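**Q** Just to be clear, the model below is a prediction. Sequence and coordinates:
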Amino acid sequence: MYVGRDPLTKKKIYVYEQAATLAEAEKARTKLLHHVDAQHHPKTQVTMAFLLDRWLGVAGLDETSYERAEGIIRNYLKPIFGDMKAGKLTAEMLELFYARLRRCREQCDGRRNGKTDPKTQKKHVCKKLEANSIRKIHFALRPALDRGLRWGYVSTNVAALDNWDTISPLRLSAEGRSDPAADESP
């Protein structure tokens with residue numbers, strides 16, 4: 001069953017389930033339809049660009065914070081998620097987005113690495129976006145989705161569901177040093 005396109009890769013997304021009999025196939029189809037309806041069809045047809053702009057208008061940020069949030073939205077969030085219906089955004093999409101930024105801030109996925117850009121005539125070198133910058137993107141997106149949840153535009157704040165360990169794998173110990181063993185249980 002077709003459920004839409006991935007905003008990062010632009011590939012079609014399908015969900016599948018197999019059944020041995022026609023009756024089981026009908027049950028599986030009904031279950032998939034309910035899953036698609038619950039996960040991907042918001043109450044309204046609000047886009048992420050609309051939601052982010054609306055949140056920015058009421059966020060109550062000081063001038064510097066407003067400019068920083070507006071730049072994050074303009075440079076990172078709207079190009080990827082702007083035209084997407086807010087209710088279709090998933091935690092998986094966010095984690096994949098953050099992973100791509102960790103590989104290349106321009107999200108080329110290595111396809112342009114070493115190749116010359118025809119516009120600038122410069123060779124592209126992949127430069128990762130640091131965890132702190134990705135965290136700033138996350139902390140611009142999460143309150144916007146919180147507000148969208150309160151306003152009824154989305155049924156879940158998927159930014160609150162994502163696995164923060166995929167964004168920032170190292171935790172700071174009490175002394176302030178990076179300590180990868182801090183997550184290990186004794």
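**A** Sure, I can see it. All values derive from a computational prediction rather than experimental measurement. Numbering: from 1, shown residues only.
**Q** average pLDDT across the longest helix anywhere in the chain?
**A** The residue-count maximum for a helix in the chain (DSSP state H) belongs to helix 131-151. Mean per-residue pLDDT for helix 131-151: 90.
**Q** same deal with stretch 103-110?
**A** Regarding stretch 103-110, the rounded mean pLDDT is 77.
**Q** which stretches of the chain form helices?
**A** Going by DSSP H, the chain shows helices at 22-40, 48-58, 63-72, 78-81, 91-103, 131-151.
**Q** possible to save these as JSON lines with mean neighbour count and distance to residue 160?
**A** Every C-beta, even on glycine, is put in place using the N, C-alpha and C of the backbone. JSON lines is the format used below for these (neighbours: other CB atoms under 10 Å; distance: least, CB to CB, whole Å):
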{"stretch": "helix 22-40", "mean neighbour count": "12", "distance to residue 160": "16"}
{"stretch": "helix 48-58", "mean neighbour count": "18", "distance to residue 160": "15"}
{"stretch": "helix 63-72", "mean neighbour count": "14", "distance to residue 160": "18"}
{"stretch": "helix 78-81", "mean neighbour count": "17", "distance to residue 160": "16"}
{"stretch": "helix 91-103", "mean neighbour count": "18", "distance to residue 160": "9"}
{"stretch": "helix 131-151", "mean neighbour count": "18", "distance to residue 160": "6"}
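**Q** List the contacts of the closest residue to residue 55 other than its chain neighbours.
**A** Leaving aside its sequence neighbours, residue 55 sits nearest to residue 144 (CB to CB, 6 or more residues apart in numbering; 3.8 Å). Contacts of residue 144 were listed using CB atoms under 8 Å, 6 or more residues apart in numbering, and they are 51-52, 55-56.
**Q** Let me know the closest of the residues you listed to residue 64.
**A** residue 56 (13.9 Å; CB to CB).
**Q** sorry, back to before: what angle sits between the longest helix of the chain and helix 91-103?
**A** Angle of helix 131-151 versus helix 91-103, following axes from the mean of the first three to the mean of the last three CA atoms, to 10 degrees, is 160 degrees.
**Q** Any idea how far helix 131-151 is from the middle of the chain?
**A** Distance of helix 131-151 from its chain centroid, counting by CA atoms, centre = their mean, to the nearest Å, is 10 Å.
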